[in-house]
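Undergrad: Please work out how this folds:
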Amino acid sequence: MKIITNHKLIKRNKKIGQVATFTSLGVLVIGLLITFFRKEEIFWSIGALALGFIISQVGIYYGKHWGPSPRQDELLATALKGLDDKYTLYNYTSPIPYLLVGPSGINPLIPLNQGGIIRYNTKKKRFTQKGGNAYMKFFGQEGIGNPQVDASANCESITNFLKENLKEANFPAPEPILVFTNPKVTLELADAPYTGVISEKLKDVIRKKAKANPTSLDTIEKIKTLMVQEDIV
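TA: Presented below is the predicted three-dimensional model:
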């Protein structure tokens, strides 16, 4: 499998996370100092603490996605290791963050690091989570959210891109895959609208898709010619 990654973007976003984290600490310290030494200016203190918290959320988000290894793109690469050269994984080099193109078709990959028990509620048409990291949930960083929205948006983006640039209408419809990378996750997603799988099983799912309904090599190559050909450094 070939992997093409936008390392320049990763480095930039990692830097943003670091700057945001240190900035938030500085703003929070200023807020605390005002509280202790300028009590009559309590509103400035509250404002500084609120601003520091908001900036810290930015730092946490960027740090989680582009911080220390293994990053999400590295986890996906590990999960897909062993696929042949007909496959290419595009990390931040296509219209969507993570795209796998190969005999299995066009597969937007949606990595999710949530733990606990993940289910799909057919009545409410949304994913639910039981358990997981309470600390990260408190800071709004590990709730399951709406991965189906991300998957749908990814499909729409890549479909529009191919319709605009590929002068034929018979490319396969994108099939998104929700990839759960947390080792402490249990999936109960039989009724989910999209395929959900733990990272260890991702490669098996890809191979089954390729065997059941393979995409022609000619179509694969036409799609690949529209993408970035080498790493961006």
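
Undergrad: okay, CA-based contacts and neighbour counts for the rest of this
TA: Noted.

Undergrad: tell me the residue furthest from the middle of this structure?
TA: With distances taken from the mean C-alpha point of the chain and given as C-alpha atoms, centre = their mean, the most distant residue is Glu40, at 44.9 Å.

Undergrad: Helix or strand next in line after the top strand by length along the chain, which one?
TA: Among the elements of the chain assigned as strand by DSSP state E, the one spanning the most residues is strand 105-112. Taking DSSP states H and E as the definition, the helix or strand that follows strand 105-112 towards the C-terminus is strand 116-121.

Undergrad: residues of that following strand that come out buried?
TA: Gly116, Ile118, Arg119, Tyr120 (16 or more other C-alpha atoms under 10 Å).

Undergrad: Save those residues as CSV, and put in pLDDT and distance to Gln57 too.
TA: Supplementary listing: the buried residues of strand 116-121 in CSV, determined by pLDDT from 0 to 100; distance: C-alpha to C-alpha, whole Å:
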residue, pLDDT, distance to Gln57
Gly116, 92, 22
Ile118, 95, 24
Arg119, 95, 27
Tyr120, 94, 27
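
Undergrad: Columns distance to Ser56 on top of those, output as JSON lines?
TA: Shown next, in JSON lines, are the buried residues of strand 116-121 (distance: C-alpha to C-alpha, whole Å):
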{"residue": "Gly116", "distance to Ser56": "25"}
{"residue": "Ile118", "distance to Ser56": "27"}
{"residue": "Arg119", "distance to Ser56": "30"}
{"residue": "Tyr120", "distance to Ser56": "31"}
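
Undergrad: re the thing from before, so which elements touch the longest strand of the chain?
TA: In terms of contacts (3 or more C-alpha pairs under 8 Å, 6 or more residues apart in numbering; DSSP states H and E), strand 105-112 is packed against strand 98-102, helix 147-165, strand 177-180.

Undergrad: Of those, which is nearest Lys11?
TA: Between Lys11 and the helices and strands packed on strand 105-112, the tightest spacing by C-alpha to C-alpha is seen for strand 98-102, at 16.7 Å.

Undergrad: Just checking: what are the partner strands of the closest one?
TA: Take DSSP bridges as the rule and strand 98-102 pairs in its sheet with strand 88-91 (antiparallel), strand 105-112 (antiparallel).
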